[in-house]
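Colleague: Whatever this is, show me its structure:
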Amino acid sequence: MSIFNPSRRDLLRMAAVMPALTLPALSLSRPAQASLGAPARANAGHFSFGLGAARLTVVSDGHLEIPAMGLGVNADPEAVKAFLENHFLSTSINYSHTNHIVIELGDAVVLVDVGSGARFLPTAGKLLENLEAAGIDPASVTDVVITHAHPDHIWGIRDDFDEPILPEARYHLGQAEYAYWMQDGLTARAEPAAQQFIVGAVNSINVEGVEWSLLSHEQEIAPGIRVIDTPGHTAGHLAVIVESEGQQLIALGDAMNHVYANFAHPDWYNSFDEDGPLAVQTRRRLLDMAATDRMAVLGYHFPFPGVGHVRRQGDAYRFIPAHWQW
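Modeller: As a prediction, the model looks like this:
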């Protein structure tokens, strides 16, 4: 079984040389896009808010710049291009943030995903410094939940000495996700450009000093914090739900990864979704649940801090960003 379907081939070839592509891409023409100039001083990489009795903090790991050609691969390319242009976005580079959430509820301090570390793109790997800036002691983290084993979510699990960055925490991963990446012979069956992603996932899962708790649908991490199965982007992708005093938030991981396209065109899927039709099915389920139950959502790749709500809009949806509060 191949890890990637044929529609992913072009993107994977580009990803294989991603570090070389990332910085020169800044000079590409990006007509009508919504990016502003870089700040003279660094902006904050953390954002805190309350949800019932829970204290939640979004902590950035930085950002990624990957080819936009991977968006909406089952749609008319001209329609995707027009959509991006209408939203003032680049048609060549998909600039995406990396929003981690720290959940403090009761005795638990739960971190969702560990970012890229220094092993993926140079624009990411800022999680630990932004945790410190947010006033969160990494040693206080009791649990780490990995939504899925893609580079920007798990490769940061090891430090430069190949030791876990949070050695005292309990680590959690979906049963199906673990089984998928750890199956015998997966690397040999994959395309050459994909093999680095498999090796990176396996090395991260096998990091010495980490014992994995393998999770199933609706399993609780701590009181008020549970996971649900959200397959499609990867075989065993998980989302994390926080519930306190009648309020709820879903940390979506990559079950939804584009703040405009996934809402306005929920049936479009991306070349980096392993099972596109299943990703669409999962996305529609999440959108309906969030809109019906008025649940807050956090998008890992949404514009920082990535927190808001879901509103129905005909047969589609709209993301309503939460107000920034001081």
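Colleague: and residue 106, what is it in contact with?
Modeller: 53, 222, 223, 224 (Cβ atoms under 8 Å, 6 or more residues apart in numbering). Bear in mind the C-beta positions are built from the backbone N, C-alpha and C, glycine included.
Colleague: Filter these down to just the ones in strands.
Modeller: residue 222 (DSSP state E).
Colleague: Mind telling me the two of the contacts of residue 106 farthest from one another?
Modeller: 53 and 222 (12.7 Å; Cβ to Cβ).
Colleague: where do the strands sit along the stretch 101-250 of the chain?
Modeller: Secondary structure of the stretch 101-250 of the chain, counting by DSSP state E, counting those that start in this stretch: strands at 108-112, 143-146, 170-174, 212-215, 220-222, 225-229, 238-244, 247-251.
Colleague: Can I get those strands in a markdown table including mean neighbour count?
Modeller: Converted to a markdown table, the strands of the stretch 101-250 of the chain look like this (neighbours: other Cβ atoms under 10 Å):
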| stretch | mean neighbour count |
| --- | --- |
| strand 108-112 | 24 |
| strand 143-146 | 24 |
| strand 170-174 | 22 |
| strand 212-215 | 17 |
| strand 220-222 | 17 |
| strand 225-229 | 21 |
| strand 238-244 | 23 |
| strand 247-251 | 22 |
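Colleague: So which of those is nearest residue 129?
Modeller: That would be strand 108-112 among the strands of the stretch 101-250 of the chain, by Cβ to Cβ, at 14.5 Å.
Colleague: Between strand 225-229 and that closest one, find me the angle.
Modeller: Orientation check (axes from the mean of the first three to the mean of the last three Cα atoms, to 10 degrees): strand 108-112 against strand 225-229 gives 30 degrees.
Colleague: any residues in contact with both of residue 53 and residue 222?
Modeller: Taking Cβ under 8 Å, 6+ apart as the criterion, residue 53 and residue 222 both touch 105, 106.
Colleague: Reformat the strands of the stretch 101-250 of the chain into JSON lines and put distance to residue 124 and mean pLDDT next to each item.
Modeller: Converted to JSON lines, the strands of the stretch 101-250 of the chain look like this (distance: least, Cβ to Cβ, whole Å; pLDDT from 0 to 100):
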{"stretch": "strand 108-112", "distance to residue 124": "16", "mean pLDDT": "98"}
{"stretch": "strand 143-146", "distance to residue 124": "16", "mean pLDDT": "98"}
{"stretch": "strand 170-174", "distance to residue 124": "20", "mean pLDDT": "98"}
{"stretch": "strand 212-215", "distance to residue 124": "23", "mean pLDDT": "98"}
{"stretch": "strand 220-222", "distance to residue 124": "25", "mean pLDDT": "98"}
{"stretch": "strand 225-229", "distance to residue 124": "24", "mean pLDDT": "98"}
{"stretch": "strand 238-244", "distance to residue 124": "20", "mean pLDDT": "98"}
{"stretch": "strand 247-251", "distance to residue 124": "18", "mean pLDDT": "98"}
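Colleague: Let's have the ones you listed in JSON lines, adding distance to residue 125.
Modeller: Output for these, formatted as JSON lines (distance: least, Cβ to Cβ, whole Å):
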{"stretch": "strand 108-112", "distance to residue 125": "15"}
{"stretch": "strand 143-146", "distance to residue 125": "16"}
{"stretch": "strand 170-174", "distance to residue 125": "19"}
{"stretch": "strand 212-215", "distance to residue 125": "23"}
{"stretch": "strand 220-222", "distance to residue 125": "25"}
{"stretch": "strand 225-229", "distance to residue 125": "25"}
{"stretch": "strand 238-244", "distance to residue 125": "22"}
{"stretch": "strand 247-251", "distance to residue 125": "20"}
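Colleague: do you know which of these lies nearest residue 196?
Modeller: strand 143-146 (18.6 Å).
Colleague: Sounds good, over and out.
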